[in-house]
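Q: the sequence and its predicted three-dimensional model are supplied below.
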Amino acid sequence: MMSWANSSSPSPSLSLTTTTTTSRGAPVIPAMAAGSRFFPKSSTATNILSPTFASQINSGDPVRASVAHLLVRACTLPCSTAAQAFSQLVQPTARFQLALDALLPVLNSSVELAQRILVSFILYSMYAPYPISLNPFKSALYATFVKERGCCTEFAAEGGFSENEQLVWVLWKILKGDGNDIGPYTPSTLSRSPLLPELRASNLFLEEESLLGPDPTEAGIPDRGTTQQARVLDLKGASAGQSSTAATEPQISPEEDERNERIAHGMKLLLAARDRTLTLTEQRILTPLIPNLTSPPVITSMDLPPIVAHNPNIAYQLVLALLTSNPLNAQPQGPSAYIDALKQLPPTLPSFDLLVRLLQDTTTLTDSATGGKTTVTDVVHVEVLGRFIHESIKWLENAEREEREGLISDDRFAKGVQNLCRFYASLIRLSVVDTTSDADTTEMVHFTLRNARFEEANALYRILASGRF
């Protein structure tokens with residue numbers, strides 16, 4: 001038997017407009033899958049294919065067909081593995097639309113419970129690096145949670161047990177922001193595992209649900225004399241008078257609404273900055289909003305390299321805000337994840353431009369290790385510069401090998417050597433690098449000597465040699 005621990009962490013407030021659905025979860029059908037060496041073919045495998053799956057498999061679109069097969073076959077794999085398979089099958093730019101067209105209908109359809117659990121986790125995992133409040137599918141997940149919880153509560157009131165209790169628990173974990181706890185388990189296991197009495201659907205509520213939750217009758221929850229909001233307040237020991245006050249939706253001022261709209265637009269621009277160069281107008285709109293988008297951060301460290309490549313000016317403001325923000329408002333390890341991303345940037349002009357600007361920035365920030373004061377230039381100089389030079393040389397050596405083997409035909413190696421040498425020469429002129437220090441210059445001396453056939457490398461070698469001898 002698998003038992004689940006009840007998390008006491010606060011969940012985000014859910015200010016949502018939910019949609020009404022009328023279908024009740026179908027009974028659990030034994031999990032089957034077909035057509036691979038991991039899942040033996042079965043003559044009854046087609047029975048679990050809903051019309052949605054069948055239409056997708058026969059749609060002629062290979063990606064949609066692959067996703068439909070994944071939903072059928074992956075119920076015995078860990079949820080995290082299935083979500084990773086989905087991300088590998090579908091290009092990043094196509095994931096939202098495909099999830100909207102292919103996954104969302106499954107959430108409230110009469111398919112196997114394990115498949116609904118799997119779809120719920122995939123919709124969560126698509127935006128797992130970000131707060132659950134930023135997940136565009138949060139309202140759909142919440143609507144399903146409220147509807148199924150109401151159905152399960154009705155069954156329990158009649159002395160029965162709904163087969164969708166486990167789905168309600170999974171959605172509750174996801175909406176609380178604890179979806180990663182589900183990742184190691186398979187959807188089939190989750191759908192069959194008994195729940196502790198305190199984790200039955202009638203006992204699962206979200207923080208501030210009584211303030212911001214929808215009308216239970218609109219969400220498909222039967223009115224059995226006690227509304228869901230009243231039950232939340234009863235669990236907290238509140239009185240009936242408090243119930244009417246708590247059910248009042250808070251007013252949002254026009255100024256706050258306008259500010260939220262600007263931040264939402266800025267979030268959209270920041271995410272778009274990973275894929276294209278923003279216009280000057282878009283950059284002017286985004287730049288003053290960056291502090292709001294980094295506390296907590298909307299992007300992860302993995303998003304930083306493409307933003308640097310397409311929008312180095314925005315990247316500079318973004319890195320500065322991430323480094324100077326309170327570490328508690330950033331990722332759990334503070335700004336270290338973004339510092340690590342800087343070390344791995346490729347030796348391109350946008351990367352060099354960003355590093356030079358950061359190495360000249362004297363903005364004060366708090367040292368997460370000692371609690372003392374330091375500057376951006378000191379942090380980047382000590383923690384980033386040496387590793388960045390080392391990784392740049394490795395990148396160029398790999399490009400040279402690929403060019404020699406005929407794998408690439410462009411001039412990335414030659415351009416990279418020239419640009420790296422010019423970058424290092426500029427650091428010498430700015431007194432960032434000490435040419436008399438063996439620790440600072442040894443690796444570059446060997447690199448420039450080995451590539452002395454390039455004018456820039458030859459000139460830099462003479463500068464470094466004159467400082468050492």
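A: Cool, got the structure.

Q: use CA for all of it now, contacts and neighbours both
A: Will do.

Q: so who does the residue nearest the centre of the chain touch?
A: Centroid check for the chain by CA atoms, centre = their mean gives Pro129 as the closest residue, at 2.5 Å. Contacts for Pro129 (CA atoms under 8 Å, 6 or more residues apart in numbering) come out as 299-300.

Q: wait, a helix at it?
A: No - counting by DSSP: H, G, I helix; E, B strand; the rest coil, Pro129 is not part of a helix but coil.

Q: quick check: phi and psi on it?
A: With angles defined as degrees, to the nearest 10, Pro129 sits at phi -70, psi -10.

Q: any idea how far it is from Gly179?
A: Separation of Pro129 from Gly179 (CA to CA, to the nearest Å) stands at 11 Å.

Q: any shared contact partners between those two?
A: In contact with both Pro129 and Gly179: no residue, using CA under 8 Å, 6+ apart.

Q: could you pull out the helices in the stretch 51-200 of the chain for me?
A: Counting by DSSP state H, counting those that start in this stretch, the stretch 51-200 of the chain has these helices, from start to end: 51-57, 62-73, 79-89, 92-98, 104-107, 113-125, 138-157, 165-175, 187-192.

Q: so can I have JSON lines of those helices showing mean pLDDT, distance to Asp440 and mean neighbour count?
A: Shown next, in JSON lines, are the helices of the stretch 51-200 of the chain (pLDDT from 0 to 100; distance: least, CA to CA, whole Å; neighbours: other CA atoms under 10 Å):
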{"stretch": "helix 51-57", "mean pLDDT": "51", "distance to Asp440": "58", "mean neighbour count": "17"}
{"stretch": "helix 62-73", "mean pLDDT": "84", "distance to Asp440": "50", "mean neighbour count": "20"}
{"stretch": "helix 79-89", "mean pLDDT": "87", "distance to Asp440": "41", "mean neighbour count": "18"}
{"stretch": "helix 92-98", "mean pLDDT": "86", "distance to Asp440": "40", "mean neighbour count": "13"}
{"stretch": "helix 104-107", "mean pLDDT": "87", "distance to Asp440": "55", "mean neighbour count": "19"}
{"stretch": "helix 113-125", "mean pLDDT": "89", "distance to Asp440": "43", "mean neighbour count": "26"}
{"stretch": "helix 138-157", "mean pLDDT": "86", "distance to Asp440": "50", "mean neighbour count": "22"}
{"stretch": "helix 165-175", "mean pLDDT": "88", "distance to Asp440": "48", "mean neighbour count": "24"}
{"stretch": "helix 187-192", "mean pLDDT": "85", "distance to Asp440": "53", "mean neighbour count": "21"}
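
Q: and those as JSON lines, adding distance to Thr375?
A: Shown next, in JSON lines, are these (distance: least, CA to CA, whole Å):
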{"stretch": "helix 51-57", "distance to Thr375": "55"}
{"stretch": "helix 62-73", "distance to Thr375": "48"}
{"stretch": "helix 79-89", "distance to Thr375": "39"}
{"stretch": "helix 92-98", "distance to Thr375": "36"}
{"stretch": "helix 104-107", "distance to Thr375": "47"}
{"stretch": "helix 113-125", "distance to Thr375": "36"}
{"stretch": "helix 138-157", "distance to Thr375": "39"}
{"stretch": "helix 165-175", "distance to Thr375": "39"}
{"stretch": "helix 187-192", "distance to Thr375": "48"}
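
Q: and of those helices, who's closest to Pro291?
A: With respect to Pro291, and counting by CA to CA, the nearest of the helices of the stretch 51-200 of the chain is helix 138-157 at 24.4 Å.

Q: what bits of the protein have low per-residue confidence?
A: 1-60, 208-252, 326-334, 368-371, 467-469 (pLDDT under 70).

Q: hang on, the earlier thing: between the helices of the stretch 51-200 of the chain, which one is closest to Ser351.
A: Ser351 sits nearest to helix 92-98 of all the helices of the stretch 51-200 of the chain, at 23.6 Å, using CA to CA.

Q: contacts for the closest one, please.
A: Contacts of helix 92-98 (CA under 8 Å, 6+ apart): 64, 87.

Q: what number of residues lie near the closest residue to Leu293 other than its chain neighbours?
A: Sequence neighbours aside, Met267 is the residue nearest to Leu293 in space, at 6.8 Å (criterion: CA to CA, 6 or more residues apart in numbering). Neighbour count for Met267, taken as other CA atoms under 10 Å: 20.

Q: I'd assumed Asn292 was in contact with Met267.
A: No - here Met267 does not reach Asn292: they are 9.3 Å apart, not a contact under CA atoms under 8 Å.

Q: and Thr189, what does it touch?
A: Thr189 is in contact with Thr76, counting by CA under 8 Å, 6+ apart.

Q: measure it to Tyr424 for me?
A: Counting by CA to CA, the gap from Thr189 to Tyr424 is 56 Å.

Q: next: Ile408.
A: In terms of CA to CA, Ile408 sits 26 Å off from Tyr424.

Q: again, but for Ser392
A: Distance, Ser392 to Tyr424, using CA to CA: 11 Å.

Q: Met444 too?
A: Met444 is 9 Å from Tyr424, where distance means CA to CA.

Q: cool, and Ser125?
A: From Ser125 to Tyr424 the distance is 41 Å (CA to CA).

Q: list the residues that contact the residue lying closest to Phe121 once chain neighbours are set aside.
A: What sits nearest to Phe121 in space, not counting adjacent residues and going by CA to CA, 6+ apart, is Cys79, at 6.8 Å. Contact analysis of Cys79 by CA under 8 Å, 6+ apart lists 118, 121-122, 182-187.

Q: tell me the SS of Thr374?
A: Put simply, Thr374 is strand when judged by three-state DSSP.

Q: I meant to write Leu206 there.
A: coil.

Q: what's the answer for Leu365, then?
A: strand.

Q: if I pick it, what's in contact with it?
A: By CA under 8 Å, 6+ apart, the residues touching Leu365 are 323-324, 373-376.

Q: and it, bridged to which residues?
A: When bridges are called by DSSP bridges, Leu365 pairs up with Thr374.
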